[in-house]
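Enquirer: just coords:
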């Protein structure tokens, strides 16, 4: 903890400054090479879906910004062919769901969306980008989903393997972490590996 | 989304802390003039305070009858807190529930890593999900601003002053050369320090409530939801039976809205009035 964080705590403004801190999208493109390792070495296949999760702001300007994100994605779709969908989950959080069989296009489109929100001054509302994978090695019979989550607040990735709706498969997550360490910027404090679990078992967290 | 900084609030907070600090320096200096063994007492009480500080999270949960709950028992509460923590850049705190009809919430824990947020069943029944989210975010702001630690440190010497007032003869026990008057000087000085610091600490506590409201509103992005939660809780409080009030009055400083008490006036209150808090949230809402 730095000196300034301490001062912010004393003045009671740390909550405010940390909640409005800018997004850190530096390593978002790291996924466009890491997926090759996932497929070639680990037996995980990309499911062709990714999603951007952000918390809303109760204002007209914010709604405009979200609309702009979708407009830009539609324009981009002519080139990338990425399908997009807007979704609000049970907890009032917004998702932009992206579908594309070309993984690199998926990463590009997701970057477009994140960039647009950041340009409109809402980068601090970006929570996470999720990239969906499925275990095709036969280790698990149900071909469980696994995700790489990019945390915009921390500027780092972490693995997420949901087990039902309230639990996670930590050993699978541990394996993913150790195999991709170095290739991706991985959040080393596990306390920040937030569980973005699905509401229905076997579905994506954004469904 | 960035709001205008509230320099007035920061200024008042800094001034209050400075005054407390100055008061304590004078107090300790004054006591040292009279007593040689005061260090022993400070170390003893310091140890006591540190222990209290380290166990305060468990102590607070225990004294409130709050039980930690799992993801399976309260999935929605867990998920809501998870998302809010992510926005606040905090590890997800422990989640506890108090079985009480009084709609209230509190946060405890000396640092981000061992924090806990507790809500009453009454709170969950009274508020809609946006409002509940607002309250949880307010509590997370307390964790982020380390209010538990700030208030413990701020009250440390005040506690000593109180103990000197109460058990003054014990402090002066070994000091026979100077005789009785020294003890009385110390007791009167301690009384003054205790009363003045009490008022300053209460003021500090109110400022930190305003700060946590701002923090909470930044986390959710919905100042109006927190405002409506505060008003709902405030109106709900007066309908609650008396027994609960007395049981929980000692925990007031940590509550989102303290329990009403007729004879305690504004300067003695740990929290600003709901009207003042709602007014400030309204200002934030206008800036959105």
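Expert: Good, I have the coordinates. As the structure is a computational prediction, the values presented were derived from the model and not from experiment.

Enquirer: can you give me the strands for the stretch 101-250 of chain B?
Expert: B:105-108, B:116-120 (DSSP state E, counting those that start in this stretch).

Enquirer: ok, residue B:231 - how many residues close by?
Expert: 16 (other C-beta atoms under 10 Å in any protein chain shown). C-beta here means a position set from N, CA and C on the backbone, and glycine is covered the same way.

Enquirer: same question for the longest helix anywhere in chain A, mean pLDDT?
Expert: The single longest helix within chain A, with elements called by DSSP state H, is helix A:60-80. Helix A:60-80 shows a mean pLDDT of 93.

Enquirer: now find how far off-centre that helix is within its chain.
Expert: Distance, stretch centre to chain centre, for helix A:60-80: 18 Å (C-alpha atoms, centre = their mean, to the nearest Å).

Enquirer: show me what that helix is packed against.
Expert: strand A:83-88, strand A:94-99, helix A:103-119 (3 or more C-beta pairs under 8 Å, 6 or more residues apart in numbering or on different chains; DSSP states H and E).

Enquirer: can you show me the helices along the chain?
Expert: You didn't pick a chain, so chain A it is. Ranges of helices in chain A, per DSSP H, are A:3-10, A:14-19, A:31-40, A:60-80, A:103-119, A:170-180.

Enquirer: chain B is the one I meant
Expert: So, for chain B - with DSSP H - the helices run B:7-34, B:38-64, B:75-88, B:121-126, B:129-144, B:147-172, B:180-220, B:223-237, B:242-248, B:274-287.

Enquirer: burial measure for the residue in chain A that chain B sits nearest to, as a count.
Expert: Nearest residue of chain A to chain B (C-beta to the nearest C-beta) works out as residue A:15 at 2.8 Å. Using other C-beta under 10 Å, residue A:15 has 32 other residues around it.

Enquirer: cool, residue B:53 as well?
Expert: Other residues near residue B:53 come to 16 when the count uses other C-beta under 10 Å.

Enquirer: how close does the residue nearest the centre of chain A get to residue B:273?
Expert: By C-alpha atoms, centre = their mean, the mean C-alpha position of chain A lies nearest to residue A:129, the distance being 1.5 Å. Separation of residue A:129 from residue B:273 (C-beta to C-beta, to the nearest Å) stands at 43 Å.

Enquirer: could you do residue B:133 as well?
Expert: Residue B:133 is 23 Å from residue B:273, by C-beta to C-beta.

Enquirer: looking at these two, which is more packed in?
Expert: Comparing residue B:133 with residue B:273 by other C-beta under 10 Å, the one with more neighbours is residue B:133, at 25 against 13.

Enquirer: is the more buried one in contact with residue B:220, as I believe?
Expert: Yes: the criterion here is C-beta atoms under 8 Å, and residue B:133 meets it with residue B:220 at 5.5 Å.

Enquirer: need the residues touching each of the two.
Expert: residue B:84 (C-beta atoms under 8 Å, 6 or more residues apart in numbering or on different chains).

Enquirer: chain neighbours aside, what residue packs nearest to residue B:284?
Expert: Nearest non-adjacent residue to residue B:284, counting by C-beta to C-beta, 6 or more residues apart in numbering or on different chains: residue B:223, 4.2 Å away.

Enquirer: that neighbour - how many residues pack around it?
Expert: 26.

Enquirer: and for residue B:32?
Expert: Residue B:32 has 12 nearby residues by other C-beta under 10 Å.

Enquirer: ok, it to residue B:158 distance?
Expert: 18 Å.

Enquirer: could you double-check that the residue nearest to residue B:284 lies in contact with residue B:285?
Expert: Yes: using C-beta under 8 Å, residue B:223 is in contact with residue B:285, at 4.6 Å.

Enquirer: what sits against residue B:49?
Expert: B:152, B:156, B:159.

Enquirer: of all those, which comes closest to residue A:34?
Expert: Closest approach to residue A:34 among the contacts of residue B:49 (C-beta to C-beta): residue B:152, at 44.9 Å.

Enquirer: I figured the closest one hits residue B:51, correct?
Expert: No: applying C-beta under 8 Å, one finds residue B:152 not in contact with residue B:51, separated by 11.2 Å.

Enquirer: look at those two and report which has more neighbours.
Expert: Under the criterion of other C-beta under 10 Å, the comparison of residue B:152 against residue B:51 puts residue B:152 first, with 17 against 11.

Enquirer: measure the residue lying closest to residue B:218 once chain neighbours are set aside to residue B:88 for me?
Expert: Closest residue in space to residue B:218, ignoring its immediate chain neighbours: residue A:19 at 4.3 Å, by C-beta to C-beta, 6+ apart. Note on residue A:19: its distance to residue B:88, by C-beta to C-beta, is 5 Å.

Enquirer: quick one: contacts for whatever residue of chain B ends up closest to chain A?
Expert: Nearest residue of chain B to chain A: residue B:215, at 2.8 Å (C-beta to the nearest C-beta). For residue B:215, the contact set (C-beta under 8 Å, 6+ apart) comprises A:12-16, A:19, B:88, B:137-138, B:140-142, B:144-145.

Enquirer: go with 10 Å
Expert: A:12-20, B:88, B:137-145, B:208 (C-beta atoms under 10 Å, 6 or more residues apart in numbering or on different chains).

Enquirer: can you pull the residues of the stretch 151-288 of chain B lying near chain A?
Expert: Neighbours of chain A within the stretch 151-288 of chain B, by C-beta under 10 Å from any C-beta of the partner chain: B:153, B:204, B:207-225, B:285, B:287-288.

Enquirer: ChimeraX command to pick out the buried ones of the residues you listed?
Expert: In ChimeraX, a selection of the buried entries from these looks like this (16 or more other C-beta atoms under 10 Å in any protein chain shown):
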select /B:204,207,208,209,210,211,212,213,214,215,216,217,218,219,220,221,222,223,224,225,285,288
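
Enquirer: any stretches of chain A with poor pLDDT?
Expert: Along chain A, the model assigns pLDDT under 70 to residues A:1, A:139-143.

Enquirer: do that again at 80, thanks
Expert: By pLDDT under 80, the low-scoring segments of chain A are A:1-3, A:137-143.

Enquirer: and if you look at chain B?
Expert: B:1-3, B:5, B:28-59, B:110, B:156-157, B:159-186, B:236-269.

Enquirer: and residue B:268, how many neighbours?
Expert: 11.

Enquirer: mean neighbour count, the helices of chain A: which tops it?
Expert: Compared across the helices of chain A, helix A:14-19 shows the largest average neighbour count, a mean of 26 (mean count of other C-beta atoms under 10 Å in any protein chain shown).

Enquirer: before we move on, back to that, turn the helices and strands packed on helix A:60-80 into CSV, including distance to residue A:195.
Expert: Formatted as CSV, those follow (distance: least, C-beta to C-beta, whole Å):
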stretch, distance to residue A:195
strand A:83-88, 19
strand A:94-99, 16
helix A:103-119, 21
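
Enquirer: what about these, which gets the closest to residue A:8?
Expert: With C-beta to C-beta, the closest approach to residue A:8 among the helices and strands packed on helix A:60-80 belongs to helix A:103-119: 22.9 Å.
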